[in-house]
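> Pasting the sequence and the predicted coordinates here, then a few questions.
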Amino acid sequence: MNDHELWQHGIEKCRELRDSVESSIKPEYARLLERIICCKSELMEGVRFSGGSAICTECGGECCLHGKYHLTPADILAYLQRGETTIYPNFSCRPHCPYSNSSGCLMSGEMRPVTCIIFNCNLLERSFGDETKRAMGQLEHELRQTISHLNKLLGMRIDRPLLLWSSEQK
């Protein structure tokens, strides 16, 4: 399968996974996805508060190169949880991230992949005060723990790259 076919297959498998969640765990499943979205949003706020938008604009998104494998089933399940339409990647725009265009990322902050949310380049890191670094470290830890809990709840790793995970789903 090519990347586009893997993407389509992965989206289909995420929908099937969502639809197959047992009713007894649906409340916990929904709570965990909402907590993941909330942690991502709070991490993005920390970057914005520290002047990250200007730093990222000036840089031009060097960290956004080669982002093809950043999106995971957990990220897609969050989209589905919110009832949002998933993005449509452009896998021909190498080496740029297929989930972006000339205007930047196609995803709102809280819906971006975990890798994109937790990565802070040296320029960003230097803009953070000690309190911001501490708070963001705690949020990152909580985000990782929440995803781990969701993996256990569903009985599978949904924090793997969607395109790789998709190839494993029959």
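Nice, thanks for sending it over.
> List the contacts of the most centrally placed residue in the chain.
The chain has residue 113 as the residue nearest its centroid, 1.6 Å off, counting by Cα atoms, centre = their mean. Residue 113 is in contact with 67, 70-72, 75, 99, 107, counting by Cβ atoms under 8 Å, 6 or more residues apart in numbering. C-beta coordinates here come from the backbone N, C-alpha and C atoms, glycine included.
> Try it again at 7 Å.
Residues in contact with residue 113, defined by Cβ atoms under 7 Å, 6 or more residues apart in numbering, are 70-72, 75.
> Not including adjacent chain positions, what is the nearest residue to it?
residue 70 (4.0 Å; Cβ to Cβ, 6 or more residues apart in numbering).
> Quick check, that neighbour in contact with residue 118.
No. Using Cβ atoms under 7 Å as the test, residue 70 is too far from residue 118 to be in contact (10.7 Å).
> between those two, who's got more neighbours?
Ranked by neighbour count (other Cβ atoms under 10 Å), residue 70 and residue 118 place residue 70 first, with 21 against 16.
> so how far is residue 155 from the more buried one?
Distance from residue 70 to residue 155, counting by Cβ to Cβ, to the nearest Å: 24 Å.
> what's the answer for residue 127, then?
Distance check for residue 127 against residue 155: by Cβ to Cβ, it reads 40 Å.
> So if I had to pick from these two, which one is more boxed in?
residue 127 (16 against 7).
> Please name the residues that touch that one.
For residue 127, the contacting residues are 50-52, 55, by Cβ under 7 Å, 6+ apart.
> so how far is residue 34 from it?
Computed as Cβ to Cβ, the residue 127 to residue 34 distance reads 29 Å.
> Helix, strand, or coil at the residue of the chain most remote from its centre?
In terms of distance from the mean C-alpha position of the chain, residue 24 ranks first, at 26.0 Å (Cα atoms, centre = their mean). At residue 24 the chain is in coil, as set by DSSP: H, G, I helix; E, B strand; the rest coil.
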